[in-house]
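Novice: Compute the structure for the input listed below.
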Amino acid sequence: MKDYQFTWKQNYLFKRALYGLRGVPNHIIVNMTPEEKQIVYEQYKKTRELLNQWKKDIYNNTSYRLFGNLIQNSKFAKDLLTTDNYEEVEELSLTDFGISKTQLIEKLVDNEILPKNFYYIQ
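Specialist: From the prediction side, this is the model:
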């Protein structure tokens with residue numbers, strides 16, 4: 001799917017979800033109503049929450065796979081792996097987690113952030 005060429009509309013929807021108003025061209029923003037801008041913001045917020053949770057899940061699963069034997073007998077290791085401090089994890093990029101654009105789009109479609117017919121939009 002790496003060679004898939006997205007249409008302008010597909011790229012617009014993708015960037016709007018991923019970057020919020022920063023992903024919307026200025027010539028479109030100037031014509032948006034406050035309600036439309038709020039919808040874009042809410043979608044962006046939902047996307048950020050979803051992606052941050054996804055990164056936390058990948059981090060936790062990887063940590064447990066790598067250090068699973070240690071946490072059986074070590075309170076320190078168990079405490080280290082069960083931390084709620086995910087600020088550093090949230091700041092890592094999706095590529096740091098090995099997430100491709102295709103995987104990201106599938107995640108956004110599955111969670112109804114992007115439309116189910118995303119790949120068919122012209």
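
Novice: Centroid-nearest residue for the chain?
Specialist: residue 51 (3.0 Å; Cα atoms, centre = their mean).

Novice: any idea how far residue 52 is from the nearest residue to that residue once chain neighbours are set aside?
Specialist: Once flanking residues are discounted, residue 51 sits nearest to residue 94: 6.9 Å by Cβ to Cβ, 6 or more residues apart in numbering. To be clear about C-beta, it is placed using only N, CA and C from the backbone, and glycine gets the same treatment. From residue 94 across to residue 52, the span is 11 Å (Cβ to Cβ, to the nearest Å).

Novice: Wait, the residue nearest to the centre of the chain touches residue 91, no?
Specialist: No: counting by Cβ atoms under 8 Å, residue 51 does not reach residue 91; the two are 11.8 Å apart.

Novice: what pLDDT, on average, does the helix or strand containing residue 60 get?
Specialist: According to DSSP states H and E, residue 60 maps onto helix 34-71. Average pLDDT, helix 34-71: 86.

Novice: give the contact list for residue 23.
Specialist: 12, 14, 15, 16, 17 (Cβ atoms under 8 Å, 6 or more residues apart in numbering).

Novice: list the helices and strands the helix holding residue 60 packs on?
Specialist: Here helix 34-71 touches helix 8-19, helix 75-81, helix 87-91, helix 101-110, going by 3 or more Cβ pairs under 8 Å, 6 or more residues apart in numbering; DSSP states H and E.

Novice: what about 10 Å?
Specialist: helix 8-19, helix 26-29, helix 75-81, helix 87-91, helix 101-110 (3 or more Cβ pairs under 10 Å, 6 or more residues apart in numbering; DSSP states H and E).

Novice: Dump the ones you listed into a markdown table; add distance to residue 40 and mean pLDDT as well.
Specialist: As requested, the helices and strands packed on helix 34-71 are exported to a markdown table (distance: least, Cβ to Cβ, whole Å; pLDDT from 0 to 100):
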| stretch | distance to residue 40 | mean pLDDT |
| --- | --- | --- |
| helix 8-19 | 6 | 95 |
| helix 26-29 | 9 | 96 |
| helix 75-81 | 37 | 63 |
| helix 87-91 | 21 | 72 |
| helix 101-110 | 14 | 94 |
